[in-house]
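Asks: Need a 3D model of the following:
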Amino acid sequence: MPENNQFEGFSKLTRMERYQRLKALGALTDEDIVFLQSGAVTDLRLAENLIENAIGYFQLPLGVAGHFRIDGKDLVIPMAVEETSIIAALSKTAKWVRECGEITTGMEGDCIIGQIQIAHVKNRLQLETLLQENKEKLIAMVNSSIASSMVKRQGGVKDIELRTVPYGNGELMAVIHVTMNPVDAMGANLLNQVLEYMKSPIEQLTQEKVSLCILSNLNDKKITTAQVVIHEVDAELGEKIALASEFAKQDPYRAATNNKGVLNGIDPVAIATGNDWRAVEAGIHAYAVKQGQYRAITQWSYRDGTLYGEFKAPLVVGIVGGVTTLHPTARMALRMMNIQSANQLSRIMAAVGLVQNLGALKALCTVGISQGHMKLHLNNLILKTDATEKEIPLLKARLEQSLLINKHITEHDVIAILNDLREALRNDEMERSR
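Replies: Below you'll find the model as predicted:
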């Protein structure tokens with residue numbers, strides 16, 4: 001987006017005007033607009049190739065969050081999500097950060113982890129010695145064969161190490177960790193193939209019996225970070241956000257909801273780009289409990305008028321292979337953000353999650369989480385009624401007024417207010433007919 005932030009007023013535009021604005025921003029092409037207007041993917045042949053027993057599509061709404069400037073670059077963020085208020089709150093908070101601060105991101109490490117389990121070890125010391133003596137040979141063997149395509153892109157298997165894991169009865173199993181740089185792929189399928197390829201050579205070398213081979217979704221050798229700094233923050237608000245952050249750090253009950261809120265930002269981008277959001281969530285939740293207690297993956301502090309936020313967790317995604325390559329909506333979403341590498345996408349997703357978290361904390365510390373959410377949720381409540389096209393705008397206005405006064409709205413309230421509206425409309429009609 002240009003310097004003057006052309007996302008201003010985006011939510012007030014018609015859908016066609018949104019398409020044209022996104023085209024002007026370079027986020028959509030004419031072909032993308034035709035694709036979206038036609039209902040996106042409708043060809044069941046793609047579904048047949050992706051899953052088994054396909055019978056159709058379950059489509060999520062696709063929207064965009066705006067006002068983002070991440071690492072000095074302006075971005076439109078595509079999000080596939082069904083929950084009301086996520087995109088609105090995210091865009092509003094991104095605008096605050098854009099006007100008063102900055103978002104920066106980074107990566108620590110570049111490898112994912114695979115596990116080869118030996119459930120019953122005959123000689124652990126011999127196993128450790130043989131693996132250490134033959135490590136480079138095993139790595140070279142894998143990288144020259146099954147992982148050779150990764151090596152050509154500066155990736156491939158990087159290390160092999162031995163861990164011991166206790167059973168409940170005090171006995172030990174051996175677990176060989178194989179670390180691999182997947183470059184721009186998520187890497188799950190290739191890493192599983194690498195592990196299974198290594199099974200036979202390891203058994204022959206060590207005379208131990210391999211029990212199973214599987215990647216790990218706890219990728220603590222590839223950590224994504226994001227930082228938000230906001231200046232000139234009101235002291236009361238800043239201190240409240242910092243205290244709310246400490247609550248999520250110390251209490252696992254609060255941490256679970258805090259992290260779900262972070263994932264409200266991350267998951268929709270993962271889905272829109274065709275990434276495995278279940279793997280992303282598994283890694284984040286496992287990382288959150290690494291210190292022995294489930295904790296928040298975000299942290300906020302306030303000092304001298306400035307609010308500081310940080311996200312730190314594994315966030316492994318890909319931009320080649322699988323659904324990211326096959327699904328036309330996923331390809332379009334990657335183009336919208338001009339994604340050039342998997343790490344770039346990971347960093348953007350971390351930033352989105354952190355900003356989403358900030359928006360939730362700000363709401364909690366001021367008006368409460370319900371007020372903003374319920375105002376946007378009114379449309380969903382109205383859709384559950386039989387209100388006519390003429391009645392809908394009048395009903396919405398009355399519901400907004402009721403929400404402002406009473407601070408809550410139930411389905412029963414909506415029906416009662418609709419009945420009152422209809423009674424008023426009938427009375428008006430009778431007055432006019434006299």
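
Asks: just checking, residue 412 is part of a strand?
Replies: No - going by DSSP: H, G, I helix; E, B strand; the rest coil, the assignment for residue 412 is helix, not a strand.

Asks: Report the central residue of this structure.
Replies: With distances taken as CA atoms, centre = their mean, residue 266 lies nearest the centre of the chain, 1.6 Å away.

Asks: Contact partners for that one?
Replies: 277, 280, 284, 315, 349, 350, 352, 353, 356 (CB atoms under 8 Å, 6 or more residues apart in numbering). From N, CA and C alone the C-beta is placed, and that goes for glycine too.

Asks: In helices only, show me those residues.
Replies: Per DSSP state H, helices hold the following members of those: 277, 280, 284, 349, 350, 352, 353, 356.

Asks: Mind putting the residues you listed into a markdown table with distance to residue 154, neighbour count and pLDDT?
Replies: Shown next, in a markdown table, are these (distance: CB to CB, whole Å; neighbours: other CB atoms under 10 Å; pLDDT from 0 to 100):
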| residue | distance to residue 154 | neighbour count | pLDDT |
| --- | --- | --- | --- |
| 277 | 27 | 20 | 97 |
| 280 | 24 | 26 | 98 |
| 284 | 26 | 22 | 98 |
| 349 | 22 | 28 | 99 |
| 350 | 22 | 30 | 99 |
| 352 | 27 | 28 | 99 |
| 353 | 28 | 29 | 99 |
| 356 | 32 | 26 | 98 |
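
Asks: So which of these is the closest to residue 77?
Replies: For the ones in helices among the contacts of residue 266, the residue nearest residue 77 by CB to CB is residue 352; the value is 5.8 Å.

Asks: list the helices and strands the helix or strand harbouring residue 333 packs on?
Replies: Element membership of residue 333, judged by DSSP states H and E, is helix 328-336. Applying 3 or more CB pairs under 8 Å, 6 or more residues apart in numbering; DSSP states H and E, we find helix 328-336 packed against helix 30-37, strand 73-80, helix 252-272, helix 322-326.

Asks: how about the CA coordinates for the last one, as CSV?
Replies: I take that to be helix 322-326. What follows is helix 322-326 as a C-alpha-only set of coordinates in CSV (Å, rounded to 0.1, in the frame of the first residue of the first chain):
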residue,chain,number,x,y,z
GLY,A,322,0.7,-29.8,-1.4
VAL,A,323,-2.4,-27.6,-1.3
THR,A,324,-0.4,-24.4,-1.5
THR,A,325,0.5,-25.4,-5.0
LEU,A,326,-2.7,-27.1,-6.1
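
Asks: And the closest residue to residue 414 other than its chain neighbours, how close does it get to residue 207?
Replies: Closest residue in space to residue 414, ignoring its immediate chain neighbours: residue 381 at 4.8 Å, by CB to CB, 6 or more residues apart in numbering. Going from residue 381 to residue 207 by CB to CB, to the nearest Å gives 67 Å.

Asks: the more surrounded of these two?
Replies: Between residue 381 and residue 207, counted using other CB atoms under 10 Å, residue 381 has the larger neighbour count: 18 against 12.

Asks: could you say which helix or strand contains that one?
Replies: Residue 381 belongs to helix 369-383 when elements are defined using DSSP H and E.

Asks: The helices and strands packed on helix 328-336: which one's closest to residue 407?
Replies: helix 252-272 (20.6 Å).

Asks: I'm done for today, thanks for sticking with me.
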